[in-house]
Structures are given as C-alpha cells and as structure tokens.
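Participant: Following is a predicted model, sequence given first.
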Amino acid sequence: METPARWYGAPVGASATNRPTFIDAASGNFRAAPGAPQSDRGTTATANGDTDLDGRPRTVGTRTDIGASEYSPPQTTMTAGPKGTTTDGTPTFRFTSSRSGSTFQCKVDGGPWMTCTSPSTTSLAHGSHTFRVRATDPLGYLDRTPATRSLPIVAP
C-alpha cells in the first residue's frame with residue numbers, strides 16, 4: 001500500500017498536510033475537484049512526472065499539480081461574429097466549448113455575466129464595445145480565459 005504522501009501525489013519523502021478533494025471518489029473519479037488543495041501546489045520535481053494520469057502536462061504556466069489527475073477547465077472559442085469595425089448595431093456571435101454539454105455566460109462591456117446560448121445577438125449603440133463569452137462544463141469547471149471580441153460600431 002502507498003504511503004499517504006504518495007497517495008496525495010507528493011514527492012517521496014514529502015508530507016501532505018491537506019486532505020485532497022476529488023470530483024467523485026465514491027464512483028472512482030479521482031480527478032481533482034475545483035479548488036482542490038492539491039491543485040497548483042507542487043514542484044517540477046522529476047518524481048512527480050511530466051504528465052498526469054490523463055496524459056496532460058502537470059505544469060501549466062508556472063504552477064504544477066501534485067494530484068494524480070486534474071480536470072482542466074473548458075476552452076471557449078468564438079467561431080463567428082464581426083471582427084473589427086462594423087455598422088451592424090445588432091451583431092450575432094457564435095461560440096463553442098471544448099467540452100460537450102457546457103453552458104455559457106456572455107458579457108458586454110462592463111455589464112454582468114448573463115446566461116446565453118450560441119448564437120447570441122446583442123444590441124449595441126455606436127462606439128467601442130467588447131463581447132465576452134465563457135463556458136462552464138457539466139462538472140462545474142469555468143473557463144478562466146473567456147473568448148473576446150472587440151468591435152467599434154460606426155454609423156453607416
């Protein structure tokens with residue numbers, strides 16, 4: 001049997017001080033839950049390996065996961081809509097998520113995030129505007145890098 005430190009994903013000889021949290025351990029889903037203490041807390045030690053159990057890199061940016069597998073957030077992609085200057089005061093945007101079954105929230109300029117679906121049409125006055133959309137997958141993971149389109153609306 002593995003020692004608790006190894007179970008928590010810590011390097012050999014290390015100690016784990018926080019109990020890990022998983023998406024659904026009772027069903028055998030040992031991916032790290034959103035905000036889990038084992039997420040983004042490790043080092044790049046070779047004992048951790050370069051990838052998690054799903055084959056994804058452990059180190060993303062400057063943070064390393066010490067859990068066996070962390071479920072990555074969905075990625076939102078803008079697939080259609082005006083780019084650059086337009087005279088269309090009611091632009092329509094289309095978008096997708098890297099995770100099927102995701103829901104979306106849209107935001108225009110400094111307004112609040114609102115539930116939306118693709119395609120999404122919004123009414124905009126003349127001037128510069130920014131449309132943002134982000135996905136939340138069925139497990140509750142939120143895209144931390146919303147898809148963004150900036151566009152000036154000008155008179156025809």
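Facilitator: Looks like it arrived, so ask away. Here the structure is a predicted model, which means the values were calculated and not measured.
Participant: buried set for the top strand by length along the chain?
Facilitator: In the chain, taking DSSP state E as the definition, the longest strand is strand 127-136. With burial defined by 16 or more other C-beta atoms under 10 Å, the residues of strand 127-136 counted as buried are 129, 131-136. For every residue, glycine as well, the C-beta is placed using N, CA and C.
Participant: Show me the domain layout of the chain.
Facilitator: Per the record, the chain has its domains at 1-72, 76-153, by automatic domain parsing.
Participant: The ones you listed: lowest mean pLDDT?
Facilitator: Sorting the domains of the chain by mean pLDDT places domain 1-72 lowest, at a mean of 61.
Participant: that older thread, against which helices or strands is the longest strand of the chain packed?
Facilitator: Secondary-structure packing of strand 127-136 (3 or more C-beta pairs under 8 Å, 6 or more residues apart in numbering; DSSP states H and E): strand 76-80, strand 92-97, strand 103-108, strand 147-153.
Participant: I would like the residues contacting it, please.
Facilitator: Contacts with strand 127-136, where a contact means C-beta atoms under 8 Å, 6 or more residues apart in numbering, come from 74-76, 78, 81, 91, 93, 95, 97-99, 102-109, 113, 116, 118, 120, 122, 142-143, 146-153.
Participant: ok, of those, which come out buried?
Facilitator: Using 16+ other C-beta under 10 Å as the burial test, the contacts of strand 127-136 include 74-76, 78, 81, 91, 93, 95, 97, 99, 102, 104-107, 116, 118, 120, 122, 142-143, 146-147, 149, 151, 153 as buried.
Participant: and residue 26, which of the three is it?
Facilitator: Classification of residue 26 by DSSP: H, G, I helix; E, B strand; the rest coil places it in helix.
Participant: ok, how many other residues are close to it?
Facilitator: Neighbour count for residue 26, taken as other C-beta atoms under 10 Å: 6.
Participant: Then residue 139?
Facilitator: So residue 139, with other C-beta under 10 Å, has 17 neighbours.
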